[in-house]
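In: Here is a sequence with its predicted model. Questions after.
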Amino acid sequence: MPLRVPYKRVDWINTGFLLTVTLTALIAAPWYLWKHGMSGFLAGMFVFYSIATGMSITLGYHRLFSHLSFKAKWPVRFFTLVFGACAFENSVLNWASDHRRHHKHVDDDDDPYNINNGFFWAHIGWILFKVLPEPPLDNVADLRKDKLVMWQHRWDKLIAMVVGLALPAALGYWHSGAVGALGGFLIAGALRVFVVQQCTFFINSLCHTIGRQPYSSKNSARDSTVMAFLTFGEGYHNFHHAFQHDYRNGVKPWNFDPTKWAIWLLSKLGLASDLRTVPEPKIILAEIAEARRRADEHLAQITQSGVSVCEKALATVHDLQERLAAAYHELEAAMAAKAETSRQALSRWRKEARELLDALSRLDLQPA
């Protein structure tokens, strides 16, 4: 059967650029490393550019501009706009518009990277093929008022080429001549662009396919600790979709979220303010509600299937259900009355929610 490609919808500029970057990163960059090796200077440039561009996407494009989860002084905004452009992921105006539309219509037809259209579409297909008619930039009126944002919107391609590709080549030439210039372009330039882009793309695809859903299963977003390590904390995607305006993605103290730590540090330095957070009782309320929903669904499936399960294990599940139901109503009432809830109680309820999920996972394993 011949491959049917909707040629009228192909974005040839994006397709050509991404194909060139991919081939350069996977063929030319390894050839250079095999031929010339990796100097300390080149490795340093690659690491700096990877962190600067990656964090500019997570901290700047995503949490600052798309979700307004905190406010930042102009040096932070300027840095993230410049190095965000160097990721070659479009201007922040376009990026934020797509991302806000994704959150508003997640998993629906109006979701730009709808996972229901397939893994490839969510990962990169939506960039290669235009949606016709193209959606308007009608959800970023606030960003249009920002002069720095509009400056970057006009010049993002030039900024990306000069700062993201030409500057690493120039620095490489300064350090070690023509070989260093080629290395700067291939490693700190093309290879770094490929790595940062693919990590970003995996949030749209992998984090809507594989992972845990401790806060909500109303949509496909999932938490992935592995992706958190690769994307400066963005992998806690289930939490993010449940509470999108929180400046933290990894809300637990032990979660790996360098972007969260960087924003907190910037606030201590006076460069960021108005950090938005979700109250802990509200987060635990979501965890309890999701645990109860899964328990109800799981028990209903067991009843319908007629499978025999251990009565003792089943009694444990029912007991946890009742305790969590009481906890849910108590916590809900406390929040409505704006009353304080002790940390001991919150910790106990969160633990019971985990215990319920663990008990559910063991139900099918228990002999009758």
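Out: Here it is on my side, so go on.
In: and stretch 18-27, average pLDDT?
Out: Average pLDDT, stretch 18-27: 97.
In: And stretch 342-353, by the same measure?
Out: pLDDT averaged over stretch 342-353 gives 75.
In: So the protein: which segments form each domain?
Out: 7-273, 280-363 (automatic domain parsing).
In: okay, and for the stretch 251-368 of the chain, where does confidence drop off?
Out: Counting by pLDDT under 70, the stretch 251-368 of the chain contains low-confidence ranges at 301-317, 339, 359-368.
In: which residues of it fall in strands?
Out: For the stretch 251-368 of the chain, the strands defined by DSSP state E, counting those that start in this stretch cover 272-273.
In: where does L64 fall, helix, sheet strand or coil?
Out: Assigned with DSSP: H, G, I helix; E, B strand; the rest coil, L64 falls in the helix class.
In: State the number of residues packed around it.
Out: 26 (other CB atoms under 10 Å). To be clear about C-beta, it is placed using only N, CA and C from the backbone, and glycine gets the same treatment.
In: What residues are bridge-paired with the nearest residue to it once chain neighbours are set aside?
Out: Excluding the flanking residues, the one nearest L64 by CB to CB, 6 or more residues apart in numbering is A72, at 5.7 Å. Note on A72: beta-bridge partners by DSSP bridges are A272.
In: buried sites along stretch 60-70?
Out: By neighbour count with 16 or more other CB atoms under 10 Å, stretch 60-70 contains the buried residues 60-67, 69-70.
In: cool, and stretch 166-180?
Out: 167-169, 171-173, 175-176, 179-180.
In: Over to the residue minimising distance to the centre of the chain. Which of the three states is it?
Out: In the chain, the residue lying closest to the centroid (CA atoms, centre = their mean) is E234, at 3.7 Å. Classification of E234 using three-state DSSP returns coil.
In: Quick check: the nearest residue to R101 once chain neighbours are set aside vs K130, distance?
Out: In space, and not counting its chain neighbours, R101 is closest to P112: 5.7 Å by CB to CB, 6+ apart. As judged by CB to CB, to the nearest Å, P112 and K130 stand 11 Å apart.
In: of the two, who's got more company?
Out: Set P112 next to K130 and count neighbours by other CB under 10 Å: P112 wins out with 18 against 15.
In: Against V131, how distant is the more buried one?
Out: Distance from P112 to V131, by CB to CB: 7 Å.
In: can you check F194 too?
Out: F194 is 24 Å from V131, by CB to CB.
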